[in-house]
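# Model the structure of this input:
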Amino acid sequence: MKILMSSGAMVLLLLLGACGNEELEEPAVQSPPGSDTVTGEDPEETEQPEEPADSDQEAAEEEPDNEALDPLSFFMADGTTAHFEGAGNEFAALTVRTEYLEEDYVALYEDNGGTTFLRVYRISDDRVDLVKEEGEFYDDYAPATEELDALEAISTYLEFPLEEGGAVGDKTVIQTGATVETPYETFEDAIVLEKQESETTTNTWYFVEGYGEVKREFVTQEEGEEEFSVTSSLESIE
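Numbers count the residues shown, from 1 in each chain. Down below sits the predicted model:
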């Protein structure tokens with residue numbers, strides 16, 4: 001009897017010892033359904049979507065900066081002869097020859113079929129000034145440097161930067177980036193200058209970088225009368 005009890009006690013002790021050596025496993029923590037959270041990850045560190053770029057800022061950056069334009073680029077190449085189609089009267093058709101003189105001086109010979117005008121321009125870093133104007137001029141103008149430098153400005157032809165509503169001498173900048181149609185080409189990014197001669201009369205000039213003046217227009221309308229206009233538009237270049 002004692003032997004049976006000792007054997008039973010021994011079996012019981014062995015079973016208890018085996019159970020004591022086994023480690024209890026912690027139950028896995030499960031995320032609630034629909035949750036993408038990963039254990040140990042800071043939600044604030046999750047990558048945020050990029051915000052769209054400011055469209056207004058991009059548009060401003062794409063606007064042309066005419067402050068950086070070269071004033072000389074508003075004249076045609078040296079030795080160029082341009083023909084302008086005329087409408088409105090017999091002197092509207094023009095032939096304009098461009099000649100570069102000494103450094104920073106350009107001469108334009110404008111033939112309207114009745115007379116030839118000589119106009120000489122002085123080129124500076126940010127402006128162009130008319131320094132000589134003479135009608136009935138049929139020779140080639142070949143002055144010495146000292147003579148050119150002694151010429152005084154008659155009027156401002158162009159001045160940079162050009163801003164809409166700003167003044168260029170006695171003219172007003174009506175528009176930059178304008179579209180202007182001529183027989184030669186339809187130009188984009190034209191600069192439009194206007195001078196109000198009187199309550200009924202307006203002169204308008206259209207300039208394009210790389211060409212200079214490509215169109216001019218004279219418009220008048222007396223009270224009770226139809227509008228009358230004279231235009232000269234670039235037709236060909238030689």
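
# All the helices of this protein, in order from the start?
Counting by DSSP state H, one finds helices in the chain at the ranges 2-21, 55-62, 145-150.

# mean pLDDT for those helices: which is lowest?
The minimum mean pLDDT among these belongs to helix 2-21 (a mean of 45).

# distance of Leu148 from Ala142?
Taking Cβ to Cβ, to the nearest Å as the measure, Leu148 and Ala142 are separated by 10 Å. For every residue, glycine as well, the C-beta is placed using N, CA and C.

# overlap in contacts of those two?
Shared contacts of Leu148 and Ala142 (Cβ atoms under 8 Å, 6 or more residues apart in numbering): Leu101.

# of these two, who's got more company?
More neighbours surround Leu148 than the other of Leu148 and Ala142, with 19 against 9 (other Cβ atoms under 10 Å).

# measure the more buried one to Val168 for me?
Leu148 is 22 Å from Val168, by Cβ to Cβ.

# Give me the below-cutoff pLDDT ranges for this structure.
Along the chain, segments meeting pLDDT under 70 span 1-68.

# so where do the strands sit in it?
Along the chain, counting by DSSP state E, strands occupy 81-87, 94-100, 105-111, 116-123, 127-134, 155-159, 167-168, 171-181, 186-196, 201-208, 212-220, 228-237.

# Output those as TSV; include the columns distance to Phe74 and mean neighbour count.
Listed next are the strands of the chain as TSV, based on distance: least, Cβ to Cβ, whole Å; neighbours: other Cβ atoms under 10 Å:
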stretch	distance to Phe74	mean neighbour count
strand 81-87	13	18
strand 94-100	11	18
strand 105-111	10	19
strand 116-123	9	20
strand 127-134	7	18
strand 155-159	6	19
strand 167-168	12	16
strand 171-181	13	16
strand 186-196	9	17
strand 201-208	6	19
strand 212-220	5	20
strand 228-237	13	18
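
# Distance to Pro71 added to the ones you listed, as TSV?
What follows is the strands of the chain, written out as TSV (distance: least, Cβ to Cβ, whole Å):
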stretch	distance to Pro71
strand 81-87	18
strand 94-100	13
strand 105-111	10
strand 116-123	5
strand 127-134	5
strand 155-159	6
strand 167-168	12
strand 171-181	15
strand 186-196	12
strand 201-208	11
strand 212-220	10
strand 228-237	19
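
# Select, out of the ones you listed, the one closest to Asp70.
strand 116-123 (8.8 Å; Cβ to Cβ).

# so how far is the closest one from its chain's centroid?
Its chain's C-alpha centre and that of strand 116-123 lie 29 Å apart, by Cα atoms, centre = their mean, to the nearest Å.
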